[in-house]
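>>> Any chance you can model this:
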Amino acid sequence: MAVISDKVMIIQTEVKGYFAENTFFYIDDSTGHGFLIDPGAEASRLLGIIHRKQWTIEKILLTHGHFDHTGAVNEIRQALGISVYAYENADAYLLDTRMNLSALCGEHVTVKNVNYLRDGEVVRSESNPAFFVKVLHTPGHTPDSVIYYSEKDHAAFVGDTIFLGSIGNWQYPGGNFQDLQRSILETVFTLPDNTKLYSGHSDPTTVGTERRRYKC
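Here you go, the predicted model:
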């Protein structure tokens, strides 16, 4: 568990389905409300954490549509009665088991009826409008990839765009190296150096650390 201020909690929880993946709870500690980001597997375990902590998850936020980031979405949203949010072109992955890679791994994962987000849009907590993230479109790993950025809390949930010491894989269907490089250079690396980057498959890092080591 990482506590990044006296009123906000970021909890990184590794879940294991076909792949291991980091799911994040981003919680406003003053209200106990917040967001669940990329619930990829182990729905029952994630729901158990929510109930034990007595949190109110208002929204599920997806950084992109690959199944290792969405595998627990349907069970959790049904249990909690909440909505799911993804980038406006995410259905190309959420509804297609080949594009989201689940078919290639012997599974069938689809996520229907999501709410669409646009680049620059702000997602706010219903209980505390001062608690929010900004959507930044970062195509390259997939065309629907986004990061959720909190300037106030110096935090960015980056999915598979960039990792500790490496960058996302652009060789899956729809990936593009030039787009990924542009997203890193023109979006991720324009954030303040002290912004902590929370990714889908590595320990946290910072913008400054990755900018210094990055080679085009």
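>>> Show me where the protein has its helices.
Assigned by DSSP state H, the helices in the chain fall at 43-53, 73-80, 91-94, 177-186, 207-213.
>>> okay, those helices, which one's buried deepest?
With neighbours defined as mean count of other CB atoms under 10 Å, the helices of the chain peak in mean count at helix 91-94, which reaches a mean of 23. C-beta here means a position set from N, CA and C on the backbone, and glycine is covered the same way.
>>> could I have it exported to CSV, CA atoms only?
What follows is the C-alpha trace of helix 91-94 in CSV, where atoms were taken according to Å, rounded to 0.1, in the frame of the first residue of the first chain:
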residue,chain,number,x,y,z
ASP,A,91,-14.9,-1.1,-28.2
ALA,A,92,-12.5,-2.3,-30.9
TYR,A,93,-10.8,-4.2,-28.1
LEU,A,94,-13.5,-4.6,-25.5
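>>> what sits up against it?
The contact list for helix 91-94, computed with CB atoms under 8 Å, 6 or more residues apart in numbering, reads 62, 64-66, 70, 86, 99-100, 110-112, 114, 142-144, 174.
>>> at 7 Å what do you get?
Applying CB atoms under 7 Å, 6 or more residues apart in numbering, the contact partners of helix 91-94 are His64, Gly65, His66, Thr70, Ala86, Met99, Asn100, Thr110, Val111, Val114, Thr142, Asp144.
>>> what about that helix, average pLDDT?
Helix 91-94 shows an average pLDDT of 98 in the prediction.
>>> chain center to that helix, what's the gap?
15 Å (CA atoms, centre = their mean, to the nearest Å).
>>> Just give me the residue right at the centre of this structure.
The chain has Thr63 as the residue nearest its centroid, 3.8 Å off, counting by CA atoms, centre = their mean.
>>> in the sheet, who's paired with the closest residue to that residue other than its chain neighbours?
Leaving aside its sequence neighbours, Thr63 sits nearest to Gly159 (CB to CB, 6 or more residues apart in numbering; 2.8 Å). The residues paired with Gly159 through beta bridges, assigned by DSSP bridges, are Ser199.
>>> Look up the pLDDT of Gly159 for me, please.
pLDDT at Gly159 comes out at 98.
>>> what's the answer for Asp153, then?
95.
>>> OK, contacts around Ile162?
When contacts are counted by CB under 7 Å, 6+ apart, Ile162 is found next to Gly168, Ile184, Val188, Leu197, Ser199, Glu210.
>>> From those, pick the one nearest His51.
Checking the contacts of Ile162 against His51 with CB to CB, the nearest one is Ser199 at 26.6 Å.
>>> Tell me, how many residues neighbour that closest one?
The local packing count at Ser199 equals 26, with neighbours defined by other CB atoms under 10 Å.
>>> so it touches Ile167, yeah?
No: with contacts defined as CB atoms under 7 Å, Ser199 does not count as touching Ile167, sitting 10.0 Å away.
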